[in-house]
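[1] I'll drop the sequence and a predicted model, then ask my questions.
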Amino acid sequence: MATLASSTAAAAGDLSALSQITAKAVDQLSTVLESTEVSFEDDIPVLEHEPRLEDILNEDESSVPTLDELGISELVGEGGAIATTSSQQRTAEYSPASSGTEGAILRHEVLKGIANQLSQATTHNEAGLPTALAVGKYYAIGTSHGLALVFDLKEQLKCVLSPYQKLSPEVDAGQYGAVSSLDLSSDGTRLVCGYAKGLITHWDVAANKCLRFIDNAHPPGFGVLNIKFMDDPTTIVFNNTGGNVFMLKMKRTLGVRNWTTECFFSGCHGEALTFEPLLLENREESPLKEYSIVAVATVTQILILSISPKLEGLISLPLRGKPKCLPQLAWHYVVIEHRSAGGKNYSSVDPVLAAVRGNKISYVQSSNSQKKEPQFRLLKKTEVEYDIAAFRWINPHTVVAMDTTERIHLISVKDDAEIEVLDLRHVELVYSSSFFKSIETGGNVSKALMVASEHACYSSVVSYQDQLLLLGLKAVHVVTIKPWKERLACLVRDGRLMEALQLGLDLYDGRARAVIGLSGPPKKRREAVAQQIVDILQGYLDLGVMMQKPSGGNEKELRQHYKTLVEWAFDCCLRIKKPDLLFGSIYDTFRGEDNLSKAVFLEHLCEHIKQGKLHHVRTVVAKDFFEHYSQQGAFSLLESCILQLNPACLDIHQVVEMCWSQQLYDAMIHVYNKGLHDYTTPLLELLLQLRAALKKGKTLPGIFPLTFVPADD
């Protein structure tokens with residue numbers, strides 16, 4: 001009984017100590033987890049009474065439409081789809097999301113409030129299926145029945161905009177066709193909608209009021225493919241299925257709202273497949289502020305045009321790629337490094353156009369800082385191993401390319417390296433194939449437009465403020481780059497502590513890619529990262545030493561386990577310049593565990609000292625170091641280490657005594673000279689020992705008597 005009681009008490013003591021260590025590790029790692037930013041979904045308020053779309057449309061909930069009434073039968077049919085979604089046939093093969101040592105960088109979330117509304121819209125009423133997306137001060141979603149659903153940024157339904165006299169179309173539901181494209185002005189006050197049968201509507205979003213109902217902006221029989229605001233909200237650019245590009249000017253004369261339209265690019269010169277306006281985004285200092293610039297992609301070339309103050313072509317570049325892929329155009333402002341004629345380096349923030357078709361990417365830079373008129377030049381070209389269906393900038397350093405199998409590729413602009421791949425096949429992305437085939441206007445489009453329409457998704461893949469938004473059949477999906485702290489926390493949460501440490505070191509050294517949220521002077525950034533590394537490292541070591549040791553008593557495996565822990569400890573602490581941590585609490589952790597863990601630490605320390613990487617250690621560590629190798633008789637190795645160390649960190653009495661007893665004369669002179677600034681004592685003592693040895697006909701190891709040869713007279 002006594003034995004049982006004592007063993008029970010001992011076990012209880014071990015469990016108590018183990019729980020303390022575990023709690024300590026958890027505390028360290030919890031610091032990392034708690035320091036991350038709030039999740040995107042946490043910002044979404046919970047609504048007590050969520051607005052319902054059918055309440056606005058006054059539809060009878062008990063009457064559920066058939067597949068034909070909803071248009072789903074057409075959706076899955078051949079050729080006649082209003083908005084084609086992704087399918088297994090579209091995605092022949094795919095691979096799951098991949099992430100390297102930096103962990104998962106992309107974060108994928110669903111706007112749940114909007115998803116609920118879309119579910120109601122497509123299941124219980126005549127709103128139709130989603131067809132187009134615009135994002136700004138609001139979320140605006142066009143539908144296959146010609147409606148525009150406008151949500152505020154809290155995902156509450158603000159209004160439903162309809163071109164019909166009644167909010168819910170009945171007999172004339174197909175009069176204007178689906179909303180094929182829509183856009184919000186930069187100030188969020190205006191919304192413009194383009195329709196598959198050619199109509200354009202202009203809205204005051206705040207007042208839910210149609211300002212202009214434009215059914216003659218371009219020739220009849222052609223649908224609107226893309227429509228966008230310029231910086232000036234009274235100027236709108238759109239292209240149609242005839243391959244033409246138009247400028248639409250909103251005017252007001254004597255209180256009457258009207259408009260003018262001008263075709264500034266005709267399809268007879270090569271059909272315009274898409275365009276992208278260059279927005280200054282309130283950059284009043286920009287030398288381009290006097291111009292309105294639009295990039296246009298045709299079947300064979302890229303054109304950058306100035307449409308104001310006068311129409312002129314600025315640059316033309318060939319556009320080569322697979323005919324089945326639509327071209328992609330995307331502008332962003334990027335910091336460009338320059339070298340002046342005098343050899344001095346300077347930087348400027350210039351607009352850069354990414355022009356893409358198939359697997360080829362070209363970057364075109366504005367270089368007009370020293371010119372009166374806009375100038376553009378080709379910056380670089382690159383290729384990828386897949387065909388691109390959508391291409392957007394996330395920030396000045398990073399772009400995303402969606403391939404034709406609906407995988408998102410995160411790419412570094414600087415070196416074209418692929419950072420991460422995210423599979424989004426489950427999104428059920430909305431495609432605009434039917435609009436490019438002009439199904440609703442009788443299919444009067446060219447063969448080139450027909451061939452390129454398979455993966456058309458201009459209006460369902462949108463970038464806004466470092467976010468990528470995708471319109472799915474049932475929801476709006478948001479892809480963002482995780483802030484750096486969240487990336488670390490995700491790795492810690494998954495138990496991938498070594499990868500978290502590696503990412504931390506890459507962040508500290510400035511080698512990590514796609515970094516978000518790490519700002520300020522370099523010193524401040526390094527300090528912030530170093531603190532995260534310390535928390536992760538201490539938690540990792542506490543868990544590794546106590547909880548994750550290999551079982552079975554195999555000394556070889558245990559030594560390798562400790563060696564891995566020690567290597568990470570040295571690498572992290574020395575790179576972030578925290579040797580006090582290494583030789584303080586971390587050494588105490590290994591020293592207090594067992595003799596093997598202590599020995600492995602000291603052996604790794606020896607390698608760093610011999611290689612000249614360390615010149616100062618904690619005195620208690622140096623004392624243990626000398627005792628460890630003295631017991632092994634490795635005095636020659638100790639002497640080489642002493643010569644690398646600053647004597648100020650040594651136990652002088654211990655070292656001097658060992659040097660004299662083991663005749664380590666070089667080490668002894670080093671300690672006296674560098675540590676005590678005494679240059680005579682070791683020399684006198686050596687001479688005395690040398691004289692005594694010579695009297696016995698011997699010499700001292702390592703000491704050779706000098707022979708003085710008198711000079712010739």
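    Structure's in. What do you need? Computed from a prediction, not measured in an experiment: that's the story for all the values here.

[2] Now the element after the helix or strand harbouring A355, going C-ward?
    A355 is part of strand 345-357 when elements are defined by DSSP states H and E. Downstream of strand 345-357, the next assigned helix or strand under DSSP H and E is strand 360-366.

[3] ok, and what's touching the next helix or strand after that next one?
    Per DSSP H and E, the first helix or strand lying C-terminal to strand 360-366 is strand 376-383. Residues outside strand 376-383 that contact it (CB atoms under 8 Å, 6 or more residues apart in numbering): 304, 314-315, 317, 352-353, 359-368, 416. The way it works is simple: take the backbone N, C-alpha and C, and place the C-beta from them, glycine included.

[4] partners of strand 376-383, with directions?
    For strand 376-383, the paired strands and their directions (DSSP bridges) read strand 360-366 (antiparallel).

[5] quick one: the strand it pairs with to strand 345-357, angle?
    Per axes from the mean of the first three to the mean of the last three CA atoms, to 10 degrees, the angle that strand 360-366 makes with strand 345-357 is 140 degrees.

[6] Just give me how far strand 360-366 sits from the chain centre.
    The chain centre lies 21 Å from the centre of strand 360-366; the measure is CA atoms, centre = their mean, to the nearest Å.

[7] what do you get for stretch 529-548?
    Counting by CA atoms, centre = their mean, stretch 529-548 comes out at 25 Å from the chain centroid.

[8] Mean confidence (pLDDT) on it, please.
    Average pLDDT, stretch 529-548: 87.

[9] residues of that stretch that come out buried?
    For stretch 529-548, the neighbour count (16 or more other CB atoms under 10 Å) marks 529-530, 532-546 as buried.

[10] how about the helices in the stretch 351-500 of the chain?
    433-436, 447-451, 484-493, 497-509 (DSSP state H, counting those that start in this stretch).

[11] which of these sits most buried?
    helix 433-436 (a mean of 27; mean count of other CB atoms under 10 Å).

[12] Mind pulling up the pLDDT for T699?
    63.

[13] where's H145, which helix or strand?
    H145 is part of no helix or strand, with elements assigned from DSSP H and E.

[14] Look up the closest residue to it, ignoring the ones flanking it.
    Spatial nearest neighbour of H145, chain neighbours left out: G128 (3.2 Å); criterion: CB to CB, 6 or more residues apart in numbering.

[15] And for R525?
    Take R525 and drop its neighbours on the chain: the residue closest to it by CB to CB, 6+ apart is L518, 5.3 Å away.

[16] if I look at the one you found, how far off is K524?
    Distance, L518 to K524, using CB to CB, to the nearest Å: 9 Å.

[17] Which pLDDT value goes with A132?
    pLDDT, read off for A132, is 97.

[18] residues in contact with H604?
    So H604 contacts K563, V566, E567, F570 (CB under 8 Å, 6+ apart).

[19] Surely the first one forms part of a helix?
    Yes - checked against DSSP: H, G, I helix; E, B strand; the rest coil, K563 lies within a helix.

[20] Assess the claim that M450 and K437 are in contact.
    Yes - judged on CB atoms under 8 Å, M450 makes contact with K437 at a distance of 5.7 Å.
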